[in-house]
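*Asks:* here is the input, now give the coordinates:
(chains A and B)
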Amino acid sequence: MLEQVRDKVRHGKRLDREEGRWLLAEAPLLEAGALAGEARFARRPERVVTFVIDTNPNYTNVCITDCQFCAFYRKPGDPEAWTLTVDEVLAKIELAASRGVTTVLLQGGHNPALPLDYYLALVRETRRRFPQVTPHFFTASEIRTMAQVAGIGYEDVLDRLWEAGQRTIPGGGAEVLSERVRTRIEPKKGGPEAWLSVHRAAHRRGFKSTATMMYGHVEQVDDLLDHLDAVRTLQDEHGGFTAFVPWSFKPGNTLLEKWIKRYKGPSAYLRMLAVSRLYLDNFPHIQASWFSEGKQAGQVALHFGADDWGGTLFEENVHRAADYVNTISVEEIVTLIREAGFTPAQRTTEYDILQTYQ
Amino acid sequence: MRFMDARLEPIWKRVHAGARLGREDALTLFETDDLLGVGRLADHVKSRREGDRVYFVINRHITPTNLCVLSCSFCGFARKRGEAGAYEHTIEDMVGMVKDDMREVHIVGGHHPDWPFEYYERMIAAIHAARPEVQIKAFTAAEIDYFWRRWKLEPVEALTRLKAAGLQSMPGGGAEIFSPRLARLLKYTGKADPDRWCEIHGLAHGLGIRTNATMLYGHVETPAERVDHMLRLRAQQDASGGFQTFVPLAYQTAATKLVPRQTPPADSLRTIAVGRLLLDNFPHVEAYWVTLGEETASIALHFGADDVNGTLEDERIQHLSGAVTPAGLAREQLFRMIRDAGKVPVERDALYNVVQVYA
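*Replies:* From the prediction side, this is the model:
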């Protein structure tokens, strides 16, 4: 099978499900990694690894969706529930902009008390007051919540966000795009199509987005293959995905913690990255998640097919709620990428290079 | 096997045929951008020798004292008499530290200004008498050499008497990097030099005492100095044959600042892999989790390492130098490090007798 996969990779042919299964379940890790490295350099020959100066604030922790893997949310009325005003969010963005942030990845719970105008004001005011910042706001399930609250279609919400100045959408909330898994861990969030349809409509409208995957809980190999097939097929339609970003589930303080004690280790992560690079032949970028997997695994990941380091994540609250905390500075990112043997380059939300650190 | 760097092809031919690699090969392995190519070569050798097995030991470290007459630049552990934090354990204290469930006790300490050799001899005898089932791995070649420098006790006599008292093997520390340039630069000229270090290990092997060999890397040494260090160890192993494990030690930067940061994981993975490839006469290569961290140690099991050392209930030397890994990693955590990598944990004793395979 190794010869077969290598041959296909070298000739730029698409891997099929059986080959994907072999890579996920059986291939020697370093063989998969080495092939992913070849695929990475075939797509991007320069030894450049990009990163973004970004932050991940949240506007509310109120949520009615009760996902079992989430330690961040509180139900409406909970004493620990909070929602920021538009001005409070903009104050966070102002602080971030003063630190050089170019991407603000803003997400929140599914809070039925917030009207569509709240979201539109966030986009519009961010564009108006901080033109250097890209509002990378609202995952697919938040867009669905906005549509339900406003009583309009999610396509209409996308139109309104576009008119307010939004051009990119973050890829969170995909978890594992398999009916079985989503029914088990997030029954109120809908099946794979709930996520895919929003991204499809967004790409059709001209938005760019990322695709994520959170593995390491109840999924099996076939669920992961379902996920990879789904995003690869959607990418064939409009080419709207910029990057694929897998990370491991962190069980701390979640309902799943009873069954899953610890997140999957670095070998599983490196394999996931390598398989992503090989299987998702139509994705321009594969992102190494130093934040969720640790800086050491992040550095090693650059040899397993990843070509992007993710961001500074100056503020992050979702992993933090699961007692998982990690911080970094731009200077450290540059050092870590260089140490791994690559040239660091700062990028925008849409992966245009702003500055190369020779 | 195919490689991104064609220079690895002839090396693969030699590795595949079981032929020995040379100095130029090793330098190429340090130089190439094809990190995973180097790892795949080492993984091939490791798998050929050990399959999916990865060894660990239930052990603890005892550091009898941190008083040391030396002042090596890379050490954050040593203290002078009267300095804050200086300590000296009694033999009774040390006997109390050893428990029945341990398979190995690892004893390494400072070069104490005036403890007589007989103190060390009594220490080994007392621990052995109290816990005869626990194997004693004690004293680096640097310490054995110090018994000669301080008390004019010939190494062969010191080793013979320690063996009679219950010593079963020797750790591989004190080798640092075999380089006169670095010995001067980093102020370890007061320590057994490479000839003496190798001589003492050779004597130990002749007496039936098996030993390990370390290499302190990731500070100001060059790749060529690493390669020459390994080649020296290989030549000694050809001559005396008693080395069990090669243990590359990543220099810890927190207390002493020879370099601003610990060497990155890719360098550690590469160093372990080159060790596995070059030291064809060493049975084992270790990913010492205390200096590497758990993540990198686990990944290293794909890069030629077949051992993660042990549970290490007390690891003072690396910790005072700033290693961030939690001391006393429990057996469960070692299992996880090994199983995360898809390998089979094998509990061993100090001499690599298999205690239990955890399939």
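
*Asks:* can you list the residues of chain A near chain B?
*Replies:* Those residues of chain A that sit near chain B, judged by Cβ under 8 Å from any Cβ of the partner chain, are A:6, A:28-31, A:33-34, A:37-38, A:41, A:47, A:262, A:264-268, A:270, A:293-294, A:296-297, A:299-300, A:303-304, A:335-336, A:339-341. All C-beta spots, glycine's among them, are computed from the backbone N, C-alpha and C.

*Asks:* again, 6 Å this time
*Replies:* Listed as neighbours of chain B in chain A under the rule Cβ under 6 Å from any Cβ of the partner chain: A:29-30, A:33-34, A:265-267, A:294, A:296-297, A:299-300, A:303, A:339-340.

*Asks:* ok, B:V354 to B:P345 distance?
*Replies:* According to Cβ to Cβ, to the nearest Å, B:V354 stands 11 Å off from B:P345.

*Asks:* neighbour-wise, which of the two wins?
*Replies:* In terms of neighbours (other Cβ atoms under 10 Å in any protein chain shown), B:P345 is the more surrounded of B:V354 and B:P345; the figures are 21 against 11.

*Asks:* is the helix or strand where the more buried one lies in proximity to chain A?
*Replies:* Assessed by DSSP states H and E, B:P345 sits inside strand B:344-348. No: Strand B:344-348 does not reach chain A (Cβ under 6 Å from any Cβ); its nearest approach is 13.7 Å.

*Asks:* how far out from the middle of the chain is that strand?
*Replies:* 18 Å (Cα atoms, centre = their mean, to the nearest Å).

*Asks:* how about it as PDB, C-alpha atoms only?
*Replies:* Output in PDB follows, covering the C-alpha atoms of strand B:344-348 (Å, rounded to 0.1, in the frame of the first residue of the first chain):
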ATOM      1  CA  VAL B 344       4.400  -1.900  23.500                       C
ATOM      2  CA  PRO B 345       5.600  -1.000  27.000                       C
ATOM      3  CA  VAL B 346       8.100  -3.500  28.400                       C
ATOM      4  CA  GLU B 347       9.200  -3.100  32.000                       C
ATOM      5  CA  ARG B 348      12.800  -4.000  32.600                       C
END
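
*Asks:* show me what contacts the residue of the stretch 201-350 of chain A found nearest chain B?
*Replies:* Scanning the stretch 201-350 of chain A for proximity to chain B using Cβ to the nearest Cβ identifies A:G265 as nearest, at 2.9 Å. When the contact criterion is Cβ atoms under 6 Å, 6 or more residues apart in numbering or on different chains, the partners of A:G265 are B:298, B:340.

*Asks:* 7 Å instead?
*Replies:* B:298, B:336, B:340 (Cβ atoms under 7 Å, 6 or more residues apart in numbering or on different chains).

*Asks:* where does confidence bottom out across those?
*Replies:* Minimum pLDDT for these is recorded at B:R336 (89).

*Asks:* next one: that one from chain A, what distance?
*Replies:* From B:R336 across to chain A, the span is 7 Å (Cβ to the nearest Cβ, to the nearest Å).

*Asks:* did I read that right, that residue in a strand?
*Replies:* No: the assignment for B:R336 (DSSP: H, G, I helix; E, B strand; the rest coil) gives helix, which keeps it out of a strand.

*Asks:* show me what counts as buried in whichever helix or strand A:K8 is part of.
*Replies:* With elements taken from DSSP H and E, the one containing A:K8 is helix A:2-10. Applying a neighbour-count criterion of 16 or more other Cβ atoms under 10 Å in any protein chain shown, one finds A:5, A:8-9 buried in helix A:2-10.

*Asks:* can I get that helix in CSV? Just the C-alpha atoms.
*Replies:* Output of helix A:2-10 as CSV, limited to C-alpha atoms (Å, rounded to 0.1, in the frame of the first residue of the first chain):
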residue,chain,number,x,y,z
LEU,A,2,2.9,2.4,0.7
GLU,A,3,4.1,2.1,-2.9
GLN,A,4,0.6,2.7,-4.2
VAL,A,5,0.1,5.8,-2.0
ARG,A,6,3.6,7.1,-2.8
ASP,A,7,3.0,6.7,-6.5
LYS,A,8,-0.3,8.6,-6.3
VAL,A,9,1.2,11.4,-4.2
ARG,A,10,4.1,11.8,-6.6
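
*Asks:* right, and the helix or strand after it?
*Replies:* Scanning the chain past helix A:2-10 towards its C-terminal end, the next helix or strand to appear is helix A:17-25 (assignment: DSSP H and E).

*Asks:* point out the other helices and strands that that next one packs with.
*Replies:* Using 3 or more Cβ pairs under 7 Å, 6 or more residues apart in numbering or on different chains; DSSP states H and E as the contact criterion, the neighbours of helix A:17-25 among helices and strands are helix A:2-10, helix A:221-238, helix A:266-279.

*Asks:* mind redoing it with 10 Å?
*Replies:* Other elements packing on helix A:17-25 under the criterion 3 or more Cβ pairs under 10 Å, 6 or more residues apart in numbering or on different chains; DSSP states H and E are helix A:2-10, helix A:29-43, helix A:221-238, helix A:266-279.

*Asks:* show me the contact partners of it.
*Replies:* By Cβ atoms under 10 Å, 6 or more residues apart in numbering or on different chains, the surrounding residues in contact with helix A:17-25 are A:1-2, A:4-5, A:8-9, A:13, A:15, A:27, A:31-32, A:35-36, A:215, A:220-222, A:224-226, A:228-229, A:232, A:268, A:271-272, A:274-276, A:278-279.

*Asks:* list the contacts of the regular element (helix or strand) spanning A:V157.
*Replies:* Element membership for A:V157 (DSSP H and E) is helix A:154-164. Among residues not part of helix A:154-164, those counted as contacts by Cβ under 10 Å, 6+ apart are A:116-117, A:119-128, A:135, A:137-138, A:140, A:142-150, A:152-153, A:166-167, A:169, A:194, A:197-198, A:200-202, A:204-207.

*Asks:* mind running it again at 8 Å?
*Replies:* Contacting residues not belonging to helix A:154-164 are listed as A:116, A:119-120, A:123-124, A:127, A:137-138, A:143-144, A:146-147, A:150, A:197-198, A:201-202, A:205-207 [Cβ atoms under 8 Å, 6 or more residues apart in numbering or on different chains].

*Asks:* likewise for stretch B:182-195?
*Replies:* Stretch B:182-195 is touched from outside by B:69-74, B:141-142, B:144-146, B:174-176, B:178, B:180, B:200, B:219-221, B:225, B:232, B:258, with contacts defined as Cβ under 8 Å, 6+ apart.

*Asks:* buried ones among these?
*Replies:* Members of those that pass the buried threshold by neighbour count (16+ other Cβ under 10 Å) are listed as B:69, B:72, B:74, B:141-142, B:144-146, B:174-176, B:178, B:200, B:219, B:221, B:225, B:232.

*Asks:* may I ask you to name the longest helix in chain B?
*Replies:* As far as residue count goes, and with DSSP state H defining each element, the longest helix of chain B is helix B:223-240.

*Asks:* contacting residues around it?
*Replies:* Judged by Cβ under 8 Å, 6+ apart, the contacts made with helix B:223-240 from elsewhere in the structure are B:23, B:26-27, B:30-31, B:175, B:177-179, B:181-182, B:194, B:198, B:201-202, B:205-206, B:213, B:215, B:217, B:243, B:246, B:271, B:274-275, B:278-282.

*Asks:* the same query, at a cut-off of 7 Å, please.
*Replies:* B:23, B:26-27, B:30, B:177-179, B:182, B:194, B:198, B:201-202, B:205-206, B:213, B:215, B:217, B:243, B:246, B:271, B:275, B:278-279, B:281-282.
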